[in-house]
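need a structure here:
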Amino acid sequence: MAAFFRFWTRQAEARPFATVAATEACLSACGDLLAQTIGMHIDFGSSPKSSETTDGYDLWRTSRFVLFATCVSPIGVRWHRFLDKRFPIRSQNTWAKRKSEQKQAARQVGKRLLCDLLLYEPSMYFIFFGSMALLEGGGLEDARYRISTLLLPTYLTGLTISPIIQSVNFAFVPLIYRVPFGSCFDLFWDSYLSWVNNEKLAMIGEADQSRGSDADSGVQRSEMIPLDQLRK
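Sure, this is the predicted structure:
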């Protein structure tokens with residue numbers, strides 16, 4: 001493990017974008033396969049799967065997830081570089097030094113965290129749900145529907161865990177390791193995103209259809225009332 005860590009560090013220093021992209025691709029693939037594995041064994045109440053998806057893994061779905069993660073990984077690298085320059089901390093070892101330096105570091109970490117939570121994360125969710133809709137063959141209407149339906153609940157769910165992880169990331173982790181550090185936790189978050197984009201979307205669609213059918217039947221029943229009254 002130590003040898004692999006040293007190898008990864010050398011590659012990240014020499015080829016940061018390619019190394020992070022490969023790392024993100026592997027972790028996102030694992031996250032989606034984990035989500036599919038859970039979906040095979042747990043019924044979330046969505047419509048029955050076709051034999052094509054129940055008999056094995058949907059590798060096209062995984063490939064879409066990997067493609068997205070690989071393409072946006074350079075954005076993550078540049079984002080962390082921007083935060084590092086915009087809100088610099090004198091040293092990652094500042095926490096063991098004077099209180100004045102600790103306060104300065106805490107303020108900078110807080111600024112980084114606010115920017116990340118208010119700007120970066122919502123933007124990534126917007127791109128994610130829009131991209132998934134287009135990669136799956138949907139149009140702009142499908143992309144708008146996913147964004148309007150799934151973005152806010154997913155973002156609010158992320159706020160329950162992301163601040164803790166990113167606070168540690170910004171405060172203690174060197175810049176070169178920040179994207180993969182977050183991605184290690186994102187392995188489980190990617191599973192959740194994959195589930196939201198597939199299972200939860202199907203559940204919401206079924207709920208909308210059932211409400212529509214109930215409304216149609218209600219209209220039909222209301223139209224029958226005058227006819228009955230006329231017969232009387």
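
and G138, which of the three is it?
What DSSP: H, G, I helix; E, B strand; the rest coil gives for G138 is coil.

how close does the closest residue to G158 other than its chain neighbours sit to V173?
What sits nearest to G158 in space, not counting adjacent residues and going by Cβ to Cβ, 6 or more residues apart in numbering, is E121, at 6.3 Å. Quick note: C-beta positions are derived from backbone N, CA and C, even for glycine. E121 sits 18 Å away from V173, going by Cβ to Cβ, to the nearest Å.

where along this structure do the helices fall?
Taking DSSP state H as the test, the helices found in the chain are 2-14, 16-41, 51-54, 59-86, 99-115, 121-135, 140-158, 162-172, 175-195, 201-231.

Reformat the ones you listed into JSON lines and put mean pLDDT and mean neighbour count next to each item.
Below are the helices of the chain laid out as JSON lines (pLDDT from 0 to 100; neighbours: other Cβ atoms under 10 Å):
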{"stretch": "helix 2-14", "mean pLDDT": "89", "mean neighbour count": "11"}
{"stretch": "helix 16-41", "mean pLDDT": "87", "mean neighbour count": "19"}
{"stretch": "helix 51-54", "mean pLDDT": "45", "mean neighbour count": "10"}
{"stretch": "helix 59-86", "mean pLDDT": "93", "mean neighbour count": "17"}
{"stretch": "helix 99-115", "mean pLDDT": "88", "mean neighbour count": "15"}
{"stretch": "helix 121-135", "mean pLDDT": "93", "mean neighbour count": "18"}
{"stretch": "helix 140-158", "mean pLDDT": "91", "mean neighbour count": "15"}
{"stretch": "helix 162-172", "mean pLDDT": "91", "mean neighbour count": "17"}
{"stretch": "helix 175-195", "mean pLDDT": "79", "mean neighbour count": "19"}
{"stretch": "helix 201-231", "mean pLDDT": "49", "mean neighbour count": "11"}
